[in-house]
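[1] Predicted model follows, preceded by the sequence.
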Amino acid sequence: MRTSLTSATVKLLLLLVGVGLLCPVARSSDLVKIEGLSSITLEQAEEWLESQVTYIESAGVSPARADDVAYFLENAMRDRGYDKAVVDWKVQGDEPDQIILLTVNEGQTEVISAYDITGNIALEDAAVIELLTDSTRKRLGIKVADSVPYVKSDINSGRKKLDDFYTLLGFGDIETETETRPGPSGLTLNVIITEGLEHVVGSIEFPAAPDDQIAKVFADAYSDFNGKKFNPAIQANLKSRVLSNAVNAGYYEAVVKVVESSHRKSEGQEIVDLTVEVEWGPAISISGISVKGNEKVKHSFFDHQFKSLVGQPYSPGSTNKKVEELLETGAFETMRTVPVHQPDGSVHLDIEVKESYSRTLGVFGGFTNYDGPIGGFEFRNLNLFGAVRTINAEIEFSGRGGRGEIEYVDPWFLESDVSFTARAFTLNRSEEGYDKWETGGRYEFTKRFGHQNCNAITFFGNASYTDVYDAEIAPAFLGDTQYLAHFVGLSYTLDKRDKPQQPRKGFLAQGSASVATSAIGSEVDFFRATGRVAYYHPVGNHNFRMAARVGGITPIGDTISIPIDLRFYNGGPNSVRSFQERALGPLDPSSGHQVGGQFFTVFNAEYEVPIKYLTGLNFVVFGDAGNLLAGSGSPSLDNMRYAVGAGLRYMTPIGPLRFEYGYNPDQQPNEPQGTFHVAFGFAF
């Protein structure tokens with residue numbers, strides 16, 4: 001097989017040949033000879049027969065193989081518009097020097113050069129042509145705008161696709177006919193379409209609902225399907241909805257049928273009335289549970305977790321959802337529920353569990369541009385009190401100081417569906433321009449709701465004492481250096497990402513507002529609000545992401561200035577990547593250190609491409625923009641700073657390890673030309 005090359009690829013191919021990466025170019029066979037070709041090149045014909053010729057070279061010449069290879073060539077030609085092509089064969093010579101001679105009569109090539117389409121109203125001509133010629137174009141790699149060979153079998157296949165598409169649009173009586181006539185430069189394909197009336201779903205008759213939940217399902221289904229274009233998928237979708245809700249309501253053995261009850265014409269449409277028939281069967285409820293395999297987890301834990309299901313209709317979906325929730329705690333390696341049917345018609349759930357190791361002690365380490373080397377120890381208990389509550393303790397050291405933290409997580413606070421988190425911490429840290437000591441705690445109550453718990457509302461509070469005990473920054477820019485801050489607030493999250501740890505598609509929206517006041521013991525009073533949106537979209541196996549963040553903090557009450565450690569900062573691997581961490585924004589002119597601000601914005605976009613043959617390694621290009629304003633009284637997009645850049649990412653099971661360089665395209669005095677970042681996790 002010979003390959004036609006463009007000049008742009010010659011040097012690359014020569015290089016690949018030099019390192020032995022190219023396969024040998026296919027050669028013409030000594031055992032199969034072809035004659036009689038005129039418009040088809042010998043190289044094209046040999047390419048079509050490559051696999052058959054390879055087989056003959058390994059198995060030998062025979063009349064049966066000669067007939068096969070002639071058949072393949074004849075069909076390959078007819079697939080490409082040589083509708084009357086004929087290939088004869090004969091075996092020449094004596095063994096072992098026999099060869100196969102193929103004699104080709106190409107016939108006349110027939111190409112569709114024009115279309116005459118009538119009767120189509122719902123579809124434009126271009127759509128009709130695309131459907132009719134789809135098989136030929138895909139097989140031969142021909143663009144829609146180019147002429148295609150006339151292959152009768154392909155046109156018949158295209159008519160079937162055209163009819164199916166019309167049926168999906170609601171034209172159940174569609175009829176199409178095709179014929180050809182000679183034209184000045186090829187064939188003209190005549191297409192005659194009889195669309196018939198558009199079919200629309202009319203009334204839907206449901207059986208008597210056994211309970212209010214099913215009655216609501218019927219009402220919603222009527223609203224969703226009535227007036228929609230009717231096609232065969234409508235009946236299947238309606239049946240699936242009714243059946244799944246019947247099962248979730250405990251009618252585990254329900255049988256559902258959706259039939260066309262009548263057809264009637266009205267205002268130029270064919271109205272299709274439907275009837276839903278249901279054999280409900282017995283209502284199955286859960287009478288109780290039993291647990292096997294638990295040694296460290298108390299049996300009462302399972303009683304609390306499954307009590308909302310006991311006495312309710314047996315729903316595999318609800319049961320599986322509870323199992324998935326418990327597996328996410330990490331306290332169990334496996335969990336399986338087996339419904340055991342009882343004589344009274346109920347089911348008893350046998351829950352089989354395998355517990356995981358609940359206590360772990362680990363070490364960790366890493367490096368970032370701002371913190372330098374990072375290392376520490378972590379202890380985790382996933383089954384505190386035998387009730388699957390979690391306690392984490394962590395000690396961390398870095399180039400900027402040390403931190404100790406202990407956290408308690410209760411996913412079912414007071415056996416409710418509200419989660420509770422409490423955290424106590426202390427740290428000693430050197431920021432750019434000042435050193436601080438801080439100790440305090442944080443508490444959160446979170447309620448999740450909606451489909452797959454994608455919505456979350458959190459009430460939170462944070463109380464800490466901060467002592468900025470050493471500073472190179474002028475006092476006028478520091479604000480209070482010793483203070484107790486206690487703030488409370490609310491946040492809302494809508495998370496529609498497919499995988500929160502490594503999202504490829506979906507979106508995230510978050511917003512929070514908090515207030516610190518002397519009424520709850522705070523020595524500084526302020527109001528703070530932040531917001532964030534992010535969008536993720538796959539492009540084949542590539543990834544596109546974009547995000548925007550904004551935040552503001554303002555003093556209230558008797559507070560005049562926000563302390564330096566409560567202000568916002570910008571720049572770094574997770575914001576505007578042409579700057580180091582916290583290096584974007586207002587400066588103290590005497591020391592040259594950043595002093596933070598009361599209003600910020602960050603905008604990011606990036607496009608990520610996997611590197612072929614290097615599994616887990618991706619190439620990314622990005623653009624960032626953002627600002628940081630000293631005051632919050634006049635929030636704006638003034639003083640925007642920018643970054644454009646690229647980098648490499650190595651994907652690990654818990655997130656990407658990132659090596660990125662951000663270039664500053666609008667460099668100002670005292671700003672870097674660009675910054676190289678080493679970081680872990682996604683930028684946004």
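    Received, thanks. A quick note: this is a predicted structure, and the numbers were derived from the prediction, not measured. Numbering: from 1, shown residues only.
[2] pLDDT weak spots in the stretch 1-150 of the chain?
    Across the stretch 1-150 of the chain, the ranges flagged by pLDDT under 70 are 1-29, 39.
[3] And the strands in the stretch 201-350 of the chain, which stretches?
    255-266, 269-279, 286-292, 332-341, 347-355 (DSSP state E, counting those that start in this stretch).
[4] For residue 587, which of those is the nearest?
    strand 332-341 (52.9 Å; Cβ to Cβ). Just so you know, the C-beta spots here come from the backbone N, C-alpha and C atoms, and that holds for glycine as well.
[5] Tell me which strands that closest one pairs with, and in which orientation.
    strand 347-355 (antiparallel) (DSSP bridges).
[6] which strands and helices sit next to the following helix or strand past the partner strand?
    Toward the C-terminal end, the helix or strand that comes next after strand 347-355 (DSSP states H and E) is strand 359-368. When contacts are defined as 3 or more Cβ pairs under 8 Å, 6 or more residues apart in numbering; DSSP states H and E, strand 359-368 sits against strand 372-384, strand 674-680.
[7] Out of the ones you listed, name the one with the poorest average pLDDT.
    Looking at these, the lowest mean pLDDT belongs to strand 674-680 (a mean of 92).
[8] chain center to that strand: distance?
    26 Å (Cα atoms, centre = their mean, to the nearest Å).
[9] dump the residue contacts of the residue of the chain positioned farthest from its centre.
    The centre of the chain is farthest from one residue, residue 94, which by Cα atoms, centre = their mean lies 63.5 Å away. Contacts for residue 94 were tallied using Cβ atoms under 8 Å, 6 or more residues apart in numbering; there are none.
[10] picking that back up, and the strands of the stretch 201-350 of the chain: which comes nearest residue 131?
    Using Cβ to Cβ, the strands of the stretch 201-350 of the chain put strand 269-279 closest to residue 131, at 22.6 Å.
[11] and the angle for that closest one with strand 255-266?
    160 degrees (axes from the mean of the first three to the mean of the last three Cα atoms, to 10 degrees).
[12] buried set for strand 269-279?
    269-274, 276, 278 (16 or more other Cβ atoms under 10 Å).
[13] what do you get for stretch 542-554?
    So, applying 16+ other Cβ under 10 Å, buried residues of stretch 542-554: 543, 545-554.
[14] Out of these, which is nearest to residue 372?
    residue 549 (25.7 Å).
[15] In a strand, that closest one, correct?
    Yes - Residue 549 sits within a strand when classified using DSSP: H, G, I helix; E, B strand; the rest coil.
[16] Tell me who's in contact with it.
    530-532, 575, 600-603, 684.
[17] distance of it from residue 683?
    Note on residue 549: its distance to residue 683, by Cβ to Cβ, to the nearest Å, is 11 Å.
[18] among the helices and strands of the protein, which has the poorest mean pLDDT?
    Lowest by mean pLDDT, DSSP states H and E among the helices and strands of the chain is helix 7-18, with a mean of 34.
[19] hang on, the earlier thing: helix, strand or coil: sort out the residue farthest from the centre of the chain for me.
    Residue 94 - assigned by three-state DSSP - is coil.
[20] Can you tell me how far it is from residue 523?
    108 Å.
[21] Just give the closest residue to residue 427, not the sequence neighbours.
    Leaving aside its sequence neighbours, residue 427 sits nearest to residue 403 (Cβ to Cβ, 6 or more residues apart in numbering; 4.1 Å).
[22] list the buried ones in the helix or strand where the one you found lies?
    Following DSSP H and E, one finds residue 403 within strand 401-410. Buried residues in strand 401-410, counted by 16+ other Cβ under 10 Å: 401, 403, 405-407, 409-410.
[23] One more: stretch 60-67?
    Here stretch 60-67 shows 61, 65-66 as buried, counting by 16+ other Cβ under 10 Å.
[24] Now, the residues you listed that are in helices?
    Judged by DSSP state H, the buried residues of stretch 60-67 include 65-66 as members of helices.
[25] between the buried residues of stretch 60-67, which is nearest residue 473?
    residue 65 (87.7 Å).
[26] So that closest one sits against residue 55, correct?
    Yes - Residue 65 is within contact range of residue 55, at 7.5 Å (criterion: Cβ atoms under 8 Å).
[27] Low-confidence stretches in the stretch 301-450 of the chain?
    For the stretch 301-450 of the chain, no range has pLDDT under 70.
[28] what's the neighbour count on the nearest residue to residue 111 once chain neighbours are set aside?
    Closest residue in space to residue 111, ignoring its immediate chain neighbours: residue 186 at 4.2 Å, by Cβ to Cβ, 6+ apart. Residue 186: 19 surrounding residues under other Cβ atoms under 10 Å.
[29] Repeat that for residue 240.
    Quick note: residue 240 (other Cβ under 10 Å) scores 12 neighbours.
[30] Could you do residue 254 as well?
    Residue 254: 21 neighbours (other Cβ under 10 Å).
[31] separation between the closest residue to it other than its chain neighbours and residue 207?
    Among residues not flanking residue 254 along the chain, residue 246 sits closest, at 3.9 Å (Cβ to Cβ, 6+ apart). The gap separating residue 246 from residue 207 is 11 Å, by Cβ to Cβ.
[32] The stretch 551-684 of the chain: strands as residue ranges?
    Going by DSSP E, counting those that start in this stretch, the stretch 551-684 of the chain shows strands at 599-610, 617-629, 641-652, 655-663, 674-680.
[33] Output these in a markdown table; the columns should cover mean neighbour count and distance to residue 518.
    Putting those into a markdown table (neighbours: other Cβ atoms under 10 Å; distance: least, Cβ to Cβ, whole Å) gives the following:
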| stretch | mean neighbour count | distance to residue 518 |
| --- | --- | --- |
| strand 599-610 | 20 | 24 |
| strand 617-629 | 20 | 27 |
| strand 641-652 | 19 | 36 |
| strand 655-663 | 19 | 41 |
| strand 674-680 | 18 | 39 |
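[34] These: which one's closest to residue 331?
    strand 655-663 (23.0 Å).
[35] Output the contacting helices and strands for the closest one.
    Against strand 655-663 (3+ Cβ pairs under 8 Å, 6+ apart) you get strand 617-629, strand 641-652, strand 674-680.
[36] which helices and strands does the second one pack with?
    Okay, so that is strand 641-652. For strand 641-652, the packing partners by 3+ Cβ pairs under 8 Å, 6+ apart are strand 617-629, strand 655-663, strand 674-680.
[37] try it again with 7 Å
    strand 617-629, strand 655-663 (3 or more Cβ pairs under 7 Å, 6 or more residues apart in numbering; DSSP states H and E).
[38] Report how many residues lie close to the residue nearest to residue 254.
    Residue 246, neighbours per other Cβ under 10 Å, totals 25.
[39] got a list of what it touches?
    214, 254, 256, 278, 280 (Cβ atoms under 7 Å, 6 or more residues apart in numbering).
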